[in-house]
Each structure stands twice: as C-alpha cells, then as structure tokens.
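1. please work out how this folds:
(one chain, ligands or ions: 1)
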Amino acid sequence: MESKDLDVEIIRSSRRRKTIQAKLVDDVLKIYLPENLTKREEEKWIKYMKNRFLKKRELIGSEKHLVERAEKINKKFFNGSLDFTIKYVSNQNKRFGSCTPEAKMIRISDRVAKMPSWVQDYVILHELTHLIHPDHSKKFWEKVNEYRYSERAKGYLIAIGMNRDEEL
Ligand SMILES: [Zn+2]
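-> Sure thing, here's the model as predicted:
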C-alpha cells in the first residue's frame with residue numbers, strides 16, 4: 001500500500017490565465033499553470049494536483065485487487081456463474097455497497113478498501129448475492145451465510161456504527 005512519489009513537470013503558460021490542468025504522460029505528471037501565480041500559490045497547486053493523482057492511482061491499483069477478490073468469491077460461492085462489473089466509488093457516504101442487478105453493476109464504497117479483508121469479502125459477497133436476490137429475503141441470507149465470517153462481519157459493521165440492511 002505504498003504510494004510512490006510522482007515525477008512532476010511544470011508547464012507555465014501565459015495563455016492559460018485561469019485554467020490549471022494536470023495530466024499523466026509516461027509516468028510524469030505534467031501540470032499546466034498560469035504564469036502569474038505566486039511561488040506559494042504554485043506550490044499549493046502542485047501539492048494539490050500530486051495528491052489528487054496519487055490518490056487516483058492508489059484507487060485504481062486497489063480496484064484491480066477488488067475485481068480479483070470478487071472473481072474469487074464468484075467462483076467459490078456461485079461456481080463462477082455471475083457476470084458483473086464491480087468498482088469503487090468515493091461518493092457513497094451512507095452506504096458500503098450497492099448493486100444494480102439490471103445493469104449487473106456493483107459499487108463498493110472506497111471506505112471498505114481500508115477494512116479487514118474478511119469484512120471486504122462479506123460486503124462483496126453481499127452485493128454479488130443481490131444480483132440473484134435483489135431483496136433481503138430468506139434465500140438471500142442463506143446464500144450470504146454460507147460465508148463463515150458473515151455474522152462476524154455484520155458485527156464489525158454494526159460496531160463501527162453502520163450496518164442496517166438498507167446500507168448494503
Ligand atoms: Zn443488501
């Protein structure tokens with residue numbers, strides 16, 4: 001989970017009076033800044049842009065991990081029969097995960113990425129099961145409870161103050 005530093009190249013342009021942009025080109029972060037910034041403003045923007053890109057890169061890295069995990073769970077609990085897209089989102093403040101069965105889309109809050117792996121697996125399994133059982137029916141829980149840490153994970157989520165069924 002280390003985040004390596006980024007090489008940065010600053011491009012100052014008098015034509016870009018207001019727009020500040022950054023893009024990654026061959027592992028170098030090119031930051032376009034207007035010429036009229038003070039040294040301090042410049043430093044502030046460089047720091048901001050670097051942080052933003054490092055965070056994004058970290059998330060993409062862990063998303064690969066998320067997909068692999070979800071595939072493992074798919075194999076183990078559904079014989080690999082599920083077809084879905086799974087990704088992290090950072091705008092889900094009240095929910096840990098959501099599933100849109102019609103679109104076969106699962107969204108996991110990026111806060112889950114920082115939780116213990118057995119809790120992550122529970123959240124993933126919970127959402128994967130919604131592809132088949134959209135509600136929290138008896139059949140739904142029968143499937144979810146095949147995972148031996150389900151109860152423990154539910155307890156964990158309750159303990160951090162967020163586990164009502166509607167939040168998953
Ligand atoms: Zn649910």
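
2. C-alpha only now, for contacts and for neighbours.
-> Noted.

3. name the residues of the one helix or strand Lys47 maps to that are buried.
-> Under the criterion of DSSP states H and E, Lys47 resides in helix 39-78. Residues of helix 39-78 classed as buried by neighbour count (16 or more other Cα atoms under 10 Å): 42, 45-46, 49-50, 53, 59, 62-63, 66-67, 69-71, 73-74, 77.

4. and what of stretch 136-156?
-> Buried, per 16+ other Cα under 10 Å, within stretch 136-156: 136, 140, 143-144, 147, 150, 153-154, 156.

5. counting contacts, what elements does the helix or strand bottoming out on mean pLDDT in the chain pack onto?
-> Here the helix or strand of the chain ranked lowest by mean pLDDT, DSSP states H and E is strand 21-25, holding a mean of 86. Counting contacts by 3 or more Cα pairs under 8 Å, 6 or more residues apart in numbering; DSSP states H and E, strand 21-25 is packed against strand 28-34.

6. what's the angle between the strand it packs on and strand 21-25?
-> 160 degrees (axes from the mean of the first three to the mean of the last three Cα atoms, to 10 degrees).

7. mind checking how far strand 28-34 is from the chain centre?
-> 26 Å (Cα atoms, centre = their mean, to the nearest Å).

8. which positions in it come out as buried?
-> 29-34.

9. okay, the angle between that strand and helix 39-78?
-> Using the same axes, to 10 degrees, strand 28-34 lies at 140 degrees relative to helix 39-78.
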